[in-house]
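*Asks:* coordinates only, sequence not included:
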Ligand SMILES: Nc1ncnc2c1ncn2[C@@H]1O[C@H](COP(=O)(O)OP(=O)(O)OP(=O)(O)O)[C@@H](O)[C@H]1O
């Protein structure tokens, strides 16, 4: 991700973010949305670097009080999108609207958006309170009022009384919370987070994801967050947007995207590996793995078919597609998580297959197993569209 040198405060607005000092609601509270939705809209936003589009005619909408997560491989344009919304990058074409107002020509510090970067960029020479209150002091908020708000924000992020601690004495997770408190301090109408939990270990990330979701829900904050991690996105978001090469590959409610990936790209990005060419006819698909039931409304023809690991059932060897167990991995959290094992199977025909099974029933590597495919009405097979 390109680093930004114009802003070291953790908010795109930083010192001078919109709003009259001291006139706003309680720290972190959000004013009602006059537009009744669609707080942020991007229309046909294109950004080119050296002629190459980093964003290519992107349309996107974030409704008030909702969390939208941008997902996508490295280089797909996620950070560029945040920078455009923050006013740190001018689009070559298209419009950014906040509360229905075109932001063209509106400086970053006048947009009222907060941006928290990947590496949270705390001031090492200031203590916790100095970091959280920096933007407020710069906006001319009186010292006592700043102190009151800082205390309230530290309570909010679960660090009560930590104001005097040097930031160097904090753990990674605590620093993350301080950065979050600092980003929330100017009461941005839109909070943007770029890989907010990227540098933390998995356990802490999972815990903070849950806490963040609860916090944003309580505050009613509108959030646009970038993450590499699908588990994080699915746990945090009301809506996910999957990016590919500067375009939106799919957007929707997390469960909807998870259940019905629109394309092979999205399916693979979400971690699904059982994708195979299929000839669909009359509610079933002929594949290299044999005949697999598909939803009755699937159009006939040559298609790509996704079979979820949960749709790959282990049966006696004689009763199905014969496979050898190559490996097994334990599944942790995340959208495909839970207590269980993912088996990597080598079928006698066709590409490798992944199957989900309970820990107690997991065969050893090297074992021969049979595989049968779940009925299509269980939603375990998806006929994919698009590239
Ligand atoms: N300032 C810049 N100058 C030239 N090219 C850039 C610049 N910023 C971004 N790019 C290019 O634009 C594309 C999108 O980059 P961007 O940082 O938005 O992707 P990303 O999805 O955020 O990636 P990551 O997940 O690695 O942070 C990449 O090909 C990147 O190399």
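*Replies:* Everything's here; your move. Owing to the predicted nature of the structure, the values given are computational and were not obtained by experimental measurement.
*Asks:* Please work out which residues outside stretch 148-162 touch it.
*Replies:* For stretch 148-162, the surrounding residues in contact (Cβ atoms under 8 Å, 6 or more residues apart in numbering) are 26-28, 128-129, 132-133, 136, 141, 163, 170, 174, 177-178, 180-181, 184-185, 211, 215, 219. Heads up, the C-betas are built off the backbone N, CA and C, glycines and all.
*Asks:* Which members of those are classed as buried?
*Replies:* Buried residues within the contacts of stretch 148-162, counting neighbours by 16 or more other Cβ atoms under 10 Å: 27-28, 128-129, 132-133, 136, 141, 163, 170, 174, 177-178, 180-181, 184-185, 215, 219.
*Asks:* Quick check: the gap between the residue most central in space within the chain and the ligand.
*Replies:* What sits nearest the mean C-alpha location of the chain, by Cα atoms, centre = their mean, is residue 233, with 3.1 Å. Applying Cβ to the nearest ligand atom, to the nearest Å, the value for residue 233 to the ligand is 13 Å.
*Asks:* if we can go back for a sec, filter the buried ones among the contacts of stretch 148-162 down to just the ones in helices.
*Replies:* Among the buried ones among the contacts of stretch 148-162, DSSP state H puts 128, 129, 132, 136, 174, 177, 178, 180, 181, 184, 215, 219 in helices.
*Asks:* Pick the one among those closest to the ligand.
*Replies:* residue 180 (19.4 Å; Cβ to the nearest ligand atom).
*Asks:* how many other residues sit next to residue 198?
*Replies:* Residue 198: 19 surrounding residues under other Cβ atoms under 10 Å.
*Asks:* Could you look up the SS state of it?
*Replies:* Three-state assignment for residue 198 (DSSP: H, G, I helix; E, B strand; the rest coil): coil.
*Asks:* I'd like to know how far it sits from the ligand.
*Replies:* Residue 198 sits 9 Å away from the ligand, going by Cβ to the nearest ligand atom.
*Asks:* Same check on residue 106?
*Replies:* 21 Å.
*Asks:* And for residue 310?
*Replies:* Counting by Cβ to the nearest ligand atom, the separation of residue 310 from the ligand is 29 Å.
*Asks:* Repeat that for residue 321.
*Replies:* Distance, residue 321 to the ligand, by Cβ to the nearest ligand atom: 38 Å.
*Asks:* now do residue 383
*Replies:* 28 Å.
*Asks:* ok, and the closest non-adjacent residue to residue 269?
*Replies:* Leaving aside its chain neighbours, residue 269 sits nearest to residue 242 (6.2 Å; criterion: Cβ to Cβ, 6 or more residues apart in numbering).
*Asks:* ok, now which ones touch that neighbour?
*Replies:* 71, 72, 248, 249, 250, 251, 257, 266, 269.
*Asks:* Now do the same contact list for the second one.
*Replies:* Counting by Cβ under 8 Å, 6+ apart, residue 72 makes contact with 78, 242, 243, 244, 249, 269.
*Asks:* Ok, the third one next?
*Replies:* The neighbourhood of residue 248, defined by Cβ under 8 Å, 6+ apart, consists of 58, 59, 60, 241, 242.
*Asks:* Appreciated, that's everything.
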